[in-house]
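**Student:** Model the following, please.
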Amino acid sequence: MRHGAAAAALSFALVLTSCTTDADDPGAASPAPAPAPTPGSAAARPTVAQGASDPVEDSVYPDVGDPGVDALHYDLDLTWDKQTLVGRETVRLRATEDADHLQLDLSDALTVRAVTVDGAAAEFTHDGKDLLVAVDVTGDTEYELGIDYDGEPRPTPAPTQRGDFDSTGWTTTPDGEAWTMQEPYGAFTWYAVNDQPSDKALYSFRITVPTPWVGIANGELLSRRTVGETTVTRWELGDPAASYLVTIAIGDFVRHQYRAQSGVPVTTWTPRGRPGLAKRMDYLPDALDWMEYRLGPYPFDSLGVVAVASESGMETQTMLTLGDTAYTTGPEVLVHEVAHQWWGDQVTPRDWADVWMNEGMATYVQAWWTHQVDGERLDDAVARWTEADAELREKYGPPADYDPTAFGAPNVYSSAALMWDHLRTRLGEHTFWHLVAGWPASRDNGNADYADITSWWSEESGQDLSEFFDDWLLGDTTPTS
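**Tutor:** Prediction:
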C-alpha cells in the first residue's frame with residue numbers, strides 16, 4: 001500500500017512499447033498473448049500443490065485467520081447485480097491438524113445457504129465473521145469445501161489512523177459499481193477465506209455482472225463474453241497469493257494493452273469516458289522495464305492496473321488497484337505498487353508485524369525512481385526521513401513493533417526506507433542492490449518473517465547485521481548508523 005514519498009535509479013532509456021485499447025470493442029475476448037503458454041492450458045495451469053503454505057496465527061491481528069487451515073485453491077463464481085452478491089465458492093484446503101471442524105472468515109453481512117465437504121452436505125455455524133464447518137478432519141489431509149452464499153457485502157473497519165481509508169474489503173459505489181482493497185484484512189467481506197498473509201493460495205474467478213460493465217480480478221483474463229444482459233469474465237491467478245493481495249473491481253471499464261520490453265503483457269483498466277486517466281498511466285510498461293533492471297525479472301505472467309473510486313492504492317498481485325485521483329494514478333504511487341510485486345507479493349510477510357519488509361523497500365525503490373527519472377535528489381528524501389524518524393517512533397512505535405491501531409503509519413514506510421539507505425552505505429552499491437534483487441527470488445512464492453530476512457542479509461553479505469536490524473526495526477530511538 002502507498003504512503004509517503006520514495007523511488008529508484010536507471011541507466012538506460014525508457015521506451016514505451018505497443019499500445020492497444022478495446023474502447024470500441026467491449027466484447028473483446030482476452031489480452032494479447034504472452035510468450036509463455038496460454039493460462040488455462042495443460043502446460044500452464046498451476047497445480048494445487050503450488051498453493052501449499054505453513055499458516056500461523058497472526059501476532060498483531062490474531063482474531064483473523066486460522067492456522068488450522070491451509071487453503072490451496074479458491075474457485076470463486078460471483079454474480080453481482082449492483083446490490084447483491086451471490087457466491088458459489090469451492091475451496092481446496094489442507095487441514096493442518098486433527099480437529100472436529102474447519103474454520104474460515106466470512107462477514108455476517110453475507111448469508112450462507114449451504115456447505116458441502118467433499119460433496120456431502122455439512123452442518124455449519126456462522127457467528128460474526130467465523131464460519132465453522134462441523135466435520136472431523138485429519139491433519140495433513142486435503143478436503144474440498146463448497147459454500148453457497150449471498151447478501152449485500154459491506155466493508156469492515158480498518159485498524160488504522162490514516163486519512164485515505166478507514167475501512168477495508170468490498171466497497172459499493174452509489175451507482176452500484178464495486179471494488180476491493182483489504183490490507184491488513186477484509187477479504188472476508190466478500191468470500192470465505194483464511195484471511196491471514198501466511199496462507200497463500202491459487203485463485204480462479206468467474207464474475208457475472210450487468211452489461212456493459214466488466215468484472216476484473218487478478219491474473220490472466222481467460223475469457224470475456226456477453227450472455228443475455230450480462231458480461232461474464234473468467235480469470236486465473238497462476239501463482240499463489242495472500243488474501244490481502246486479491247482484488248475484484250466491477251464497473252464500466254475500458255482496457256488498454258501494452259507490452260514491456262521483456263515481453264510481459266501490461267494492461268490498464270480505466271473508467272469509460274476518462275481518457276486522461278488512461279494517459280496518466282501509459283508509462284506503466286516503462287516503469288516495469290526500469291523495475292526489472294533494478295529488481296530482476298518480473299516474477300509473474302502479467303501486470304495490470306484497475307482505477308477505482310478510492311483515495312488509496314494497493315499492490316494487489318498482478319492487478320494493481322489504484323484510486324482514480326491524479327495523485328494515486330501518478331508516478332510515485334504506481335511505481336511504489338509495482339515494486340511491491342517483488343517485495344510483498346513474490347515474497348510475503350508471514351505475520352503483520354513485518355509489514356515494514358514490504359513498505360520500507362517499496363518506499364526506497366520509489367525514491368530511487370524519483371531521483372533518477374524525475375530528478376529529485378535522493379539526499380532530499382533521506383533528509384526528510386531522518387527529520388521525521390524520532391517523532392514517528394514516539395508516536396507509532398518502531399517499524400517492527402508498531403501500534404496495532406495504527407496500521408500502515410509512516411513509520412513502516414519512511415523509517416524502514418531510511419534503514420535501507422544506511423545499509424546501502426554500509427554494504428556498498430553493488431552488494432546492496434544484488435541482495436535487494438536476490439531476496440524475493442530466494443523466497444519465490446513464499447513467506448518470510450523477521451528472523452528469515454535479517455539472517456539472510458547477514459549470511460549473504462558476509463556481515464553480522466543482527467544488531468543493525470534490531471536497532472533500526474525494534475529500537476525506540478533513531479540509530480546513529
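**Student:** give me phi/psi at residue 420?
**Tutor:** phi -60, psi -30 (degrees, to the nearest 10).
**Student:** I'd guessed it sits against residue 361; true?
**Tutor:** Yes: using C-beta atoms under 8 Å, residue 420 makes contact with residue 361 at a distance of 6.2 Å. The way it works is simple: take the backbone N, C-alpha and C, and place the C-beta from them, glycine included.
**Student:** Surely residue 320 forms part of a strand?
**Tutor:** Yes: according to DSSP: H, G, I helix; E, B strand; the rest coil, residue 320 belongs to a strand.
**Student:** ok, it - how many residues close by?
**Tutor:** 26 (other C-beta atoms under 10 Å).
**Student:** what's across from it in the sheet?
**Tutor:** residue 305 (DSSP bridges).
**Student:** Neighbour count for residue 420 and residue 361, which is higher?
**Tutor:** Remark: of residue 420 and residue 361, residue 361 carries more neighbours, 24 against 19, as counted by other C-beta under 10 Å.
**Student:** Just give me the longest helix of this protein.
**Tutor:** In the chain, assigned by DSSP state H, the helix with the most residues is helix 378-396.
**Student:** could you dump that one to CSV, C-alpha only?
**Tutor:** Taking C-alpha atoms only, helix 378-396 is exported to CSV below (Å, rounded to 0.1, in the frame of the first residue of the first chain):
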residue,chain,number,x,y,z
LEU,A,378,17.9,11.2,-3.1
ASP,A,379,19.6,13.1,-0.4
ASP,A,380,16.5,15.3,-0.1
ALA,A,381,14.3,12.2,0.5
VAL,A,382,16.7,10.8,3.1
ALA,A,383,16.8,14.1,4.9
ARG,A,384,13.0,14.2,5.2
TRP,A,385,13.0,10.6,6.5
THR,A,386,15.8,11.4,9.0
GLU,A,387,14.0,14.5,10.3
ALA,A,388,10.7,12.7,10.8
ASP,A,389,12.1,9.4,12.3
ALA,A,390,12.2,10.3,16.0
GLU,A,391,8.7,11.6,16.1
LEU,A,392,7.3,8.6,14.2
ARG,A,393,8.9,6.1,16.6
GLU,A,394,7.5,8.0,19.5
LYS,A,395,4.0,8.3,18.0
TYR,A,396,3.6,4.9,16.3
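**Student:** Next, the buried residues of it.
**Tutor:** Under the neighbour-count criterion of 16 or more other C-beta atoms under 10 Å, helix 378-396 has 378, 381, 382, 384, 385, 388, 389, 392, 393, 396 buried.
**Student:** Quick check: which helices or strands does that helix pack against?
**Tutor:** helix 356-369, helix 414-427 (3 or more C-beta pairs under 8 Å, 6 or more residues apart in numbering; DSSP states H and E).
**Student:** How about residue 142, nearest residue that isn't a chain neighbour?
**Tutor:** In this structure, residue 142 finds its nearest non-sequential neighbour in residue 94, 5.1 Å apart by C-beta to C-beta, 6 or more residues apart in numbering.
**Student:** Count the residues that sit near that neighbour.
**Tutor:** 20.
**Student:** Same question for residue 275.
**Tutor:** Number of residues near residue 275 (other C-beta under 10 Å) recorded here: 13.
**Student:** Quick check on it: phi, psi?
**Tutor:** Taking degrees, to the nearest 10, you get phi -60, psi -30 for the backbone angles of residue 275.
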